[in-house]
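*Asks:* Coordinates only, no sequence provided:
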DNA sequence: ACCTGAACACCGTTCAAGT
DNA sequence: ACCTGAACACCGTTCAAGT
């Protein structure tokens, strides 16, 4: 696996903005704070991203691209059942990481206040997740083929909700209990 | 049923703030816009609510109180199975109402930026929902008694997630499909 | 190519002062 | 009791100027 570490200011801005957005949302993103963390001035951020909408869209795009790569890695690491079993861990890791929320969930809440370019990038995020889940559900054969996309959406929504509820209590054990309950009920493959 | 219409400025502020918070979150609450809608000046709002934290906490408290009343009404209207069947409609109605999100979901996303007083009120909201669901699940006998609270939490989290995903697409049919999928999978009583 | 100081318009919030 | 003008701090953005 080729891990690329990029030290350019643009990449540092992107990484910082992503962290901020997962904790405070698009509305909580502000160029002055990001600039301070990166070690440049707010006005300099505009050299790399001409507007807040551009920064937000770039962050959201990178977010789904990274997730897509991670999901592809999951697929390669084992069979479909194993991949599905490990899927919730992606959401768990956000919580482990300073009680962070999925960027897509936060921005879904902020839907009314999002520029169109940001909206469409976060929709790609859920599309990527649903497509991956549908494919793995098909491969695992746990659900009739014609139901796999519908079930994929349900799993994505339910796990997003579990992460949101766990965040509101800063309680990772609650997240685990919710996933376990989804499995017991038969929504999520065990 | 005694419907009380209250015309005091305080009540009008509360109702306006609730609507704004369900669309734009706690961060999106702003005294100038609320004041304009109410017909007073921004500074006057501070007479009724000494700080934004106080307004937020009052809105969140009223929100769970109203929901509690609505749930009690649901319990009285039929047996436990019927009540459980109609539970998702509460979340559906928010979407029908200008694609609004549950206040608790929005504020769970904003957790890091919430005053403690607001945090604790929105936690009461989920407590109220989980307690009601647990009670009805027990009465309906759809799940072993010792699992009813765990299942109640799972249902609440999953339905919250469905509402969030549907909002991000402005698509009520998606909400319906998700709930239907939860029922097919056996998570939510059909 | 990349960065900055300084400024602009705007907004959330505060508070002393009004009636 | 209820409201307001005026001020403050902050934020997104611009731009001429620096290296």
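*Replies:* Here it is on my side, so go on. All of these numbers come straight from a predicted model, not from anything done at the bench. Numbers count the residues shown, from 1 in each chain, chains lettered A, B, ... in the order given.
*Asks:* Please count neighbours and contacts with C-alpha atoms only from this point.
*Replies:* Will do.
*Asks:* what's around residue A:24, how many residues?
*Replies:* Residue neighbour count, defined by other CA atoms under 10 Å in any protein chain shown, stands at 22 for residue A:24.
*Asks:* now do residue A:126
*Replies:* There are 19 residues near residue A:126, going by other CA under 10 Å.
*Asks:* and what of the one 10 residues further on?
*Replies:* Residue crowding around residue A:136 was assessed by other CA under 10 Å; the count is 21.
*Asks:* Check residue A:76 too.
*Replies:* Other residues lying near residue A:76 total 11 when counted by other CA under 10 Å.
*Asks:* The one 4 residues further on too?
*Replies:* The local packing of residue A:80 (other CA under 10 Å) involves 20 other residues.
*Asks:* And it, how close does it get to residue A:148?
*Replies:* Taking CA to CA, to the nearest Å as the measure, residue A:80 falls 13 Å from residue A:148.
*Asks:* Next, show the common contact partners of the two.
*Replies:* When contacts are counted by CA atoms under 8 Å, 6 or more residues apart in numbering or on different chains, residue A:80 and residue A:148 are jointly contacted by residue A:137.
*Asks:* who in chain A is up against chain B?
*Replies:* When proximity is defined by CA under 8 Å from any CA of the partner chain, chain A lies next to chain B at A:23-25, A:27, A:101, A:105-113, A:123, A:150-151, A:153-154, A:157-162, A:164-165, A:167-169, A:177-179, A:181-182, A:185-187.
*Asks:* Kindly write the ChimeraX command that selects the buried subset of those residues.
*Replies:* In ChimeraX, this line selects whichever of those come out buried by 16 or more other CA atoms under 10 Å in any protein chain shown:
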select /A:23,24,25,27,101,105,106,107,108,109,110,111,112,113,123,150,151,153,154,157,158,159,160,161,162,164,165,167,168,169,177,178,179,181,182,185,187
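*Asks:* The residues of chain A next to chain B also near DNA strand D: which ones?
*Replies:* Among these, the ones lying close to DNA strand D by the criterion of CA under 7 Å from any atom of the strand are residue A:27.
*Asks:* Which of the residues of chain A next to chain B fall in helices?
*Replies:* Using DSSP state H to define helices, the subset of the residues of chain A next to chain B located there is A:23-24, A:105-109, A:123, A:150-151, A:153-154, A:157-162, A:164-165, A:167, A:177-179, A:181-182, A:185.
*Asks:* Taking chain A, what residue is nearest to DNA strand D?
*Replies:* Closest to DNA strand D within chain A is residue A:30: 3.1 Å, counting by CA to the nearest atom of the strand.
*Asks:* Since that was my last question, I'll sign off now.
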